[in-house]
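Trainee: Sequence first, predicted coordinates after that:
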Amino acid sequence: MAQLKPTKYQPLKPPPIERLLKPFALFAKQASAGGIVLLACAVVALLWANSPLSEYYFRLWSTPVEVRFGNLVDIDKPLLLWINDGLMAVFFFLVGMEIKRELLVGELSAPRKAALSMAAALGGMVVPALIYVALNWGTPEIRGWGVPMATDIAFALGALALLGTRAPLALKVFLTALAIVDDLGAVLVIALFYTENLKVDALLYSLLFWGAMIAMNRLGVRSGLAYFLVSVGMWYFMLKSGVHATVAGVLGAFAIPVRSRIDPELFIARVREYLNQFDQPITERTIILSPEQQSAVEAIEREALRVQSPLQRLEHRLHYFVAFFVMPIFALANAGVALGGEGGLNWTSRVIWGIALGLLIGKPLGITLFSWLAVRLGLAQLPQGISFVHIVGVGFLAGIGFTMALFIAGLAFRGDELNYAKLGILAGSALAGAIGFMMLRIWTKPQPHLE
């Protein structure tokens, strides 16, 4: 390819709007940004729900929203449930793609490689649930046993990111894999134990739409829009079936193609050909591309789409939408709990203590114990540079339940019990996160080669 000749033209200055948005763009790229926004929305919700304007907070999320399309579609729900059943399906779709990616090519792709994360996640689900059950045995509130099992991956990884170079890469990988296995466990718990009034015919229709998505995958359909339209039908019938509609998000994710159409070597070769086509003399009067250059650019764009797998492309596109819109809206709608009231707050509630202790004690205890057993039995080994001191610290960070815990609490409880569950989640998550961060801050040292 011919060498580009230097010209007298200086690089164009970015437009004013780009300069104005640059600080926000830099913030969004930080690993902790999503957790910070999520925390801010939770604080706003809590303050709003306990302010003189609290009436408007609860009235807003109770606003009825109806969607009707002839006799085919009829959904009438309050705004809160549109967020929890509809918008959160996008969150679970992203979770499903992350799970699929990890199972195929990530930390969960080989049994030996995944053993430590899977053992840790299992302990982090079983022990918190047992603590909750022990405190609520024989009461109707035992239904909330699934709440303290959850880990909020955005918050946990955000807290770990705040440690900067103190957090070894292997520790981040371990926490990510642990949280993804935890999410998979939460999805199974929701599907199996928080489903009521199952309507088999609607469930079969939903599975038919899922089968259509799998068939599209096998036929080589790559259009994200096509998968979206079919997945809406699957979501609608899943909603009508009694199985929580967000399960449709995870199932839909597993139908998205994961393979690219061309391999990287062929992509490089073709792009080089098109760049040669694009390389034409530049003159002072060049304002727009020539037809040949425009054709080369369009060809490069097509090849760029072919070298990316649809799953990877969708996961990238949805990341910021979920992190900075879906999850903050969910937190704003669900984290508000009135701390006052005529009867005051019952701090002796077993729901509060079962959830708070499950997250604060059960998570680190279960993760550390099951990890130790897996290593001791020879089923897994600690990654290089990681000790059980790190595992304990990560165990506390995994005690930040928040998003998924609030979600399951909304399925398990109503009324005062739901408020108590939210308080247990907020208290347990805050304490577990603070302890885990301080432990890792004290026990780890900056890694000079990463500074």
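Mentor: Nice, thanks for sending it over. Numbering: from 1, shown residues only.

Trainee: which non-adjacent residue is nearest the residue most central in space within the chain?
Mentor: Centroid-nearest residue in the chain: Val95, 5.0 Å away (criterion: CA atoms, centre = their mean). Spatial nearest neighbour of Val95, chain neighbours left out: Asp183 (4.9 Å); criterion: CB to CB, 6 or more residues apart in numbering. Every residue, glycine included, has its C-beta placed from N, CA and C.

Trainee: what does Gly366 give?
Mentor: Val127 (3.0 Å).

Trainee: Check Gly358 too.
Mentor: Distance criterion CB to CB, 6+ apart; nearest residue to Gly358, sequence neighbours excluded, is Pro148 at 2.8 Å.

Trainee: Return the distance of that neighbour relative to Pro264.
Mentor: Going from Pro148 to Pro264 by CB to CB, to the nearest Å gives 44 Å.

Trainee: the more surrounded of the two?
Mentor: Pro148 (34 against 9; other CB atoms under 10 Å).

Trainee: residues contacting the more buried one?
Mentor: 128-129, 131-132, 354-355, 357-359, 362-363, 401, 405, 424, 428 (CB atoms under 8 Å, 6 or more residues apart in numbering).

Trainee: okay, who's weakest in the residues you listed by pLDDT?
Mentor: Among these, Gly401 has the lowest pLDDT, at 86.

Trainee: which residues sit in contact with it?
Mentor: 147-148, 150-152, 355, 359, 425, 428-429.

Trainee: What residues of whichever helix or strand Gly211 is part of count as buried?
Mentor: Per DSSP states H and E, Gly211 falls inside helix 200-219. Buried residues in helix 200-219, counted by 16 or more other CB atoms under 10 Å: 202-203, 205-207, 209-210, 212-213, 216-217.

Trainee: would a markdown table of the residues you listed with distance to Phe325 be doable?
Mentor: Below are those laid out as a markdown table (distance: CB to CB, whole Å):
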| residue | distance to Phe325 |
| --- | --- |
| Ala202 | 29 |
| Leu203 | 30 |
| Tyr205 | 29 |
| Ser206 | 26 |
| Leu207 | 29 |
| Phe209 | 25 |
| Trp210 | 26 |
| Ala212 | 28 |
| Met213 | 24 |
| Met216 | 27 |
| Asn217 | 27 |
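
Trainee: so, if you compare these, which one comes nearest to Arg272?
Mentor: The closest of those to Arg272 turns out to be Asn217 (CB to CB; 30.8 Å).

Trainee: Now do the nearest residue to that closest one once chain neighbours are set aside against Arg218, distance only.
Mentor: Closest residue to Asn217 apart from its sequence neighbours, by CB to CB, 6+ apart: Pro257 at 5.1 Å. Remark: distance between Pro257 and Arg218 (CB to CB) = 9 Å.

Trainee: low-scoring pLDDT stretches of the stretch 1-150 of the chain, where are they?
Mentor: 1-32 (pLDDT under 70).

Trainee: Show me the strands in it, by range?
Mentor: Here the stretch 1-150 of the chain has its strands, by DSSP state E, counting those that start in this stretch, at 64-69, 73-78.

Trainee: Out of the ones you listed, which one sits most buried?
Mentor: Ranked by mean neighbour count, the strands of the stretch 1-150 of the chain are led by strand 73-78 with a mean of 13 (mean count of other CB atoms under 10 Å).

Trainee: thinking again about what came up before, so how far is Thr403 from the residue nearest to the centre of the chain?
Mentor: Where Thr403 is concerned, Val95 sits at a distance of 10 Å (CB to CB).

Trainee: Skipping adjacent residues, who's closest to Ala255 in space?
Mentor: Nearest non-adjacent residue to Ala255 (CB to CB, 6+ apart): Met213, at 3.7 Å.
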